[in-house]
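Student: After the sequence you'll find the predicted model.
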Amino acid sequence: MPKMKTHKGANKRFKITKKGKLKHFNAGHSHMQSGKSPKRRRSLRKPSLLSAEHAGKVGRLLVSRIAPPPPTPPQKPKTEEPKK
């Protein structure tokens, strides 16, 4: 069977973070900014994370596994040694 190809449109719009979440840029920052408040324009500048409901479908387009990070191992309590 041939290799799966990455969806090039999705590849340009979404990036995978180190922990496997999907990052995207917000819509509505291209034009008609005079009607938007400065606070709204600033918040549109920053990328945001894709919701978990959509991440699975977009992950399939990117041909990668979007999996939650592995759980952290339990930490042992520190025992203090008596001072000499």
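Tutor: Received, thanks.
Student: Residue 12 in helix, strand or coil?
Tutor: helix (DSSP: H, G, I helix; E, B strand; the rest coil).
Student: let me fix that: residue 60
Tutor: Residue 60 ends up helix, using three-state DSSP.
Student: need the helix or strand of the protein with the lowest average pLDDT.
Tutor: helix 52-61 (a mean of 88; mean pLDDT, DSSP states H and E).
Student: Okay, buried residues for that one please.
Tutor: By 16 or more other CB atoms under 10 Å, the buried positions in helix 52-61 come out as 55, 58-59. Backbone N, C-alpha and C define where each C-beta goes, glycine included.
Student: One more: stretch 1-20?
Tutor: Quick answer for stretch 1-20 (16+ other CB under 10 Å): 10, 13-14, 16.
Student: So which of the residues you listed sits lowest on pLDDT?
Tutor: Lowest pLDDT within the buried residues of stretch 1-20 is found at residue 16 (89).
Student: give me every residue that touches the residue most central in space within the chain.
Tutor: Centroid-nearest residue in the chain, with CA atoms, centre = their mean: residue 22, separated by 2.8 Å. Residue 22 sits next to 14-16, 49-50, 54-55, 58-59, 66 when contact means CB atoms under 8 Å, 6 or more residues apart in numbering.
Student: what about 10 Å?
Tutor: When contacts are counted by CB atoms under 10 Å, 6 or more residues apart in numbering, residue 22 touches 10, 13-16, 48-52, 54-56, 58-59, 62, 64, 66.
Student: Quick check: chain neighbours aside, which residue is closest to it?
Tutor: Of all residues not flanking residue 22 in the chain, residue 50 sits nearest, at 4.0 Å (CB to CB, 6 or more residues apart in numbering).
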